[in-house]
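> heads up, no residue letters with this:
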């Protein structure tokens, strides 16, 4: 059985491995389109968002999405853009320490420590934005974002995916 420590170690590896040489608006569109295609093929009711810091560059809502998903996307993305780490990793870390986002002075209405948002990292630069998925259980949201990034970067998904 996978433990939170196992997941945190794997997510740290994902964050190291899933880094782009360059990332621009065309790359953002390709990543968003890939997620849209994966979601459509699998019949997933997901919202997909790619934001480069304060600029939204891709958004799609597939059948089954509700207005709540829009807010989940915003709150998870805010967490990534604040800490430059996966929203799932932050949530697992907070839970292990018995803390909440409020303990860090953040409002629950604006920050969600739940899986599904992942930093867009560029080598030599760091986090330039976030890719976010909402609509599935948080671990599945996280895995879908990681899958798309691994496909874009030609990385071994089996070696990176959460078990």
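That came through, no problem. Computed from a predicted structure; not experimentally measured. Numbers count the residues shown, from 1 in each chain.
> phi, psi for the spatially most central residue of the chain please.
In the chain, the residue lying closest to the centroid (CA atoms, centre = their mean) is residue 117, at 2.1 Å. When quoted as degrees, to the nearest 10, the phi and psi of residue 117 stand at phi -120, psi 140.
> contacts only, for it.
73, 76, 77, 79, 80, 86, 87, 130, 131, 132, 133, 145 (CB atoms under 8 Å, 6 or more residues apart in numbering). All C-beta spots, glycine's among them, are computed from the backbone N, C-alpha and C.
> could you redo the last one with a cut-off of 10 Å?
Going by CB atoms under 10 Å, 6 or more residues apart in numbering, residue 117 touches 49, 51, 72-81, 85-88, 90, 130-134, 141-142, 145.
> cool, and residue 48?
Contacts of residue 48 by CB under 10 Å, 6+ apart are 31-36, 38-39, 58-62, 65, 69, 73, 116, 131-135, 144-145, 148.
> where along this protein do the strands fall?
19-20, 47-52, 55-61, 117-122, 126-134 (DSSP state E).
> what's the closest of those to residue 154?
Judged by CB to CB, the one of the strands of the chain that comes nearest to residue 154 is strand 19-20, at 11.5 Å.
> who touches that closest one?
With CB under 10 Å, 6+ apart, strand 19-20 has contacts from 27, 31, 119-128, 149, 152-153, 155.
> so what are the sheet partners of that strand and their directions?
strand 117-122 (parallel) (DSSP bridges).
> list the beta-bridge partners for residue 47.
residue 61, residue 134.
> what's the neighbour count on it?
Residues lying near residue 47 (other CB atoms under 10 Å) number 25.
> about what we covered before: in the sheet, who's paired with the residue nearest to the centre of the chain?
residue 132.
> what distance do you get for residue 144 to residue 134?
Computed as CB to CB, to the nearest Å, the residue 144 to residue 134 distance reads 10 Å.
> quick one: which of these two has more around it?
A side-by-side neighbour count of residue 144 and residue 134, using other CB under 10 Å, places residue 134 first with 29 against 24.
> residue contacts, that one?
Contacts of residue 134 (CB under 10 Å, 6+ apart): 45-49, 61, 65-66, 68-77, 112, 114-117, 141.
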